[in-house]
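Undergrad: Turn this into a model:
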Amino acid sequence: MRKWKTSALRKGRYSQPNQIYHLVLTTYQRQPFFRDYLLARHAVISLRMSQKSVTTLAFVVMPDHIHWLIQLGEGISLSSAVKMLKALISRKQGGKVWQQGFYDHAVRQEEDLVDIARYIILNPVRAGLCRTVREYPWWDSIYLE
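TA: The predicted structure follows:
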């Protein structure tokens, strides 16, 4: 498993209002906190609550990480949005929940958002957690019904 230095994850990070980002937030030591039904449900509720500061385009809550496709709003940085979400989710769990830092990819205009959303929500299928995404309850996307 590759270890990332937190400073390396922040290097070159720039928060652009209205920019779309694909984020990955990983649990502390990849512990599968979100196998627990109540914690996974709380994470989904927290993702939906974050709509006040960002527009969520797609997400999936995996046992040990979250993929989150967002469009940043005005007046909030990428780091602030992630910090707020991590804090919301951590309230239910208690103790250390998150790895430091997060992965981000600023989506370029030529990239297809529907393809990125599909990639995100198909994570449970690729991980062998279910046969179809319909069997997995912890995802949502504005692009897919």
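Undergrad: ok, G95 to L39 distance?
TA: The spacing between G95 and L39, counted by Cβ to Cβ, to the nearest Å, is 12 Å. Just so you know, the C-beta spots here come from the backbone N, C-alpha and C atoms, and that holds for glycine as well.
Undergrad: And I116, by the same measure?
TA: Remark: distance between I116 and L39 (Cβ to Cβ) = 26 Å.
Undergrad: still on that earlier bit, could you check which of G95 and L39 is surrounded by more residues?
TA: Using other Cβ atoms under 10 Å, the more surrounded residue of G95 and L39 is L39, with 17 against 8.
Undergrad: so which helix or strand takes in the more buried one?
TA: Per DSSP states H and E: L39 is located in helix 37-49.
Undergrad: Residues touching that helix, excluding its own?
TA: The contact list for helix 37-49 (Cβ atoms under 8 Å, 6 or more residues apart in numbering) reads 33-34, 56, 59, 61, 66, 68, 85, 88-89, 92-93, 137-138, 140.
Undergrad: Give the other helices and strands that the helix or strand just after it contacts.
TA: Sequence-wise, the next helix or strand downstream of helix 37-49 (DSSP H and E) is strand 54-61. Secondary-structure packing of strand 54-61 (3 or more Cβ pairs under 8 Å, 6 or more residues apart in numbering; DSSP states H and E): helix 37-49, strand 65-72, helix 113-121, strand 139-141.
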